[in-house]
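Student: How does the following fold in three dimensions:
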Amino acid sequence: MTNEAVLIPIKGFESAKIRLSAVLDSDARADLAKELASSVVSACLETPVFIVCEDDAVESWAQNLGAEILRNPSEGLNEAVDFGFRSLKRKGFESVLITHGDLVYPAGLLSLFEMEEIVIVPDSELDGTNVLVLPTSIDFEFSYGPNSYMRHLKSASMLDTEILVVADSPFSLDIDDPDDLHHVL
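Tutor: Residues are numbered from 1 along each chain as shown. Model prediction:
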């Protein structure tokens, strides 16, 4: 068994990308979310991929792609990631790459495992956190939402381990707002 795993939290596709509702209808948003997430999963399949979700349709979609499922017992992104991270630790994984499913250019994500013990990839605005690589030996508080990059960096800096911030990389590009759509059109 490899000691590395990928964790991708995914909520129901029908409720994804609400911030794009001014420019995309619900079907188009669901299709976009599924297409982006499929690319992220495909880019990571050389190592075990776990989808943490609360949705039957997401579970079926993920299994069809070859990912394993962790059913989150509660709602919320931070709760889902915390649950998934702890589940993977219990399964014996030593390092977990946590990524969002809306990265525009996910090819090469697994290369982040080869860097420092903790890797943080902020979004292109240096506000959110697109990717984290963490050893499961640490106790880490997940704090997604506005300004999560700085909160995650602060939490990581309080630990006795090497940290690498990978800014201005293809992994920084995600789809959150209508202005981001030019990356996929």
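
Student: contacts and neighbour counts: CA atoms only from here.
Tutor: Will do.

Student: Quick one: find the helix or strand in the chain with the lowest mean pLDDT.
Tutor: The least trusted helix or strand in the chain, going by mean pLDDT, DSSP states H and E, turns out to be helix 26-44, with a mean of 90.

Student: Show me what counts as buried in it.
Tutor: 26, 29-30, 32-34, 36-44 (16 or more other C-alpha atoms under 10 Å).

Student: Tell me the one among these nearest to residue 9.
Tutor: residue 37 (9.8 Å; C-alpha to C-alpha).

Student: got a list of what the residue nearest the centre of the chain touches?
Tutor: In the chain, the C-alpha nearest the mean C-alpha coordinate belongs to residue 99, at 2.0 Å (C-alpha atoms, centre = their mean). Contacts of residue 99 were listed using C-alpha atoms under 8 Å, 6 or more residues apart in numbering, and they are 6-9, 130-132.

Student: What ranges does this protein have for its strands?
Tutor: Taking DSSP state E to define them, one finds strands in the chain at 4-9, 49-53, 68-71, 95-99, 118-122, 129-135, 163-165.

Student: Turn those into TSV, including distance to residue 172.
Tutor: Formatted as TSV, the strands of the chain follow (distance: least, C-alpha to C-alpha, whole Å):
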stretch	distance to residue 172
strand 4-9	16
strand 49-53	20
strand 68-71	25
strand 95-99	11
strand 118-122	6
strand 129-135	6
strand 163-165	11
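
Student: Put together a markdown table for these, with mean pLDDT and distance to residue 111 on each row.
Tutor: Formatted as a markdown table, these follow (pLDDT from 0 to 100; distance: least, C-alpha to C-alpha, whole Å):
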| stretch | mean pLDDT | distance to residue 111 |
| --- | --- | --- |
| strand 4-9 | 98 | 12 |
| strand 49-53 | 97 | 15 |
| strand 68-71 | 96 | 21 |
| strand 95-99 | 98 | 10 |
| strand 118-122 | 97 | 11 |
| strand 129-135 | 97 | 11 |
| strand 163-165 | 95 | 13 |
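
Student: Select, out of those strands, the one closest to residue 147.
Tutor: Comparing the strands of the chain under C-alpha to C-alpha, the one sitting nearest is strand 129-135, at 8.2 Å.

Student: Any regions of the protein where pLDDT drops low?
Tutor: By pLDDT under 70, the low-scoring segments of the chain are 1, 17-23, 176-185.
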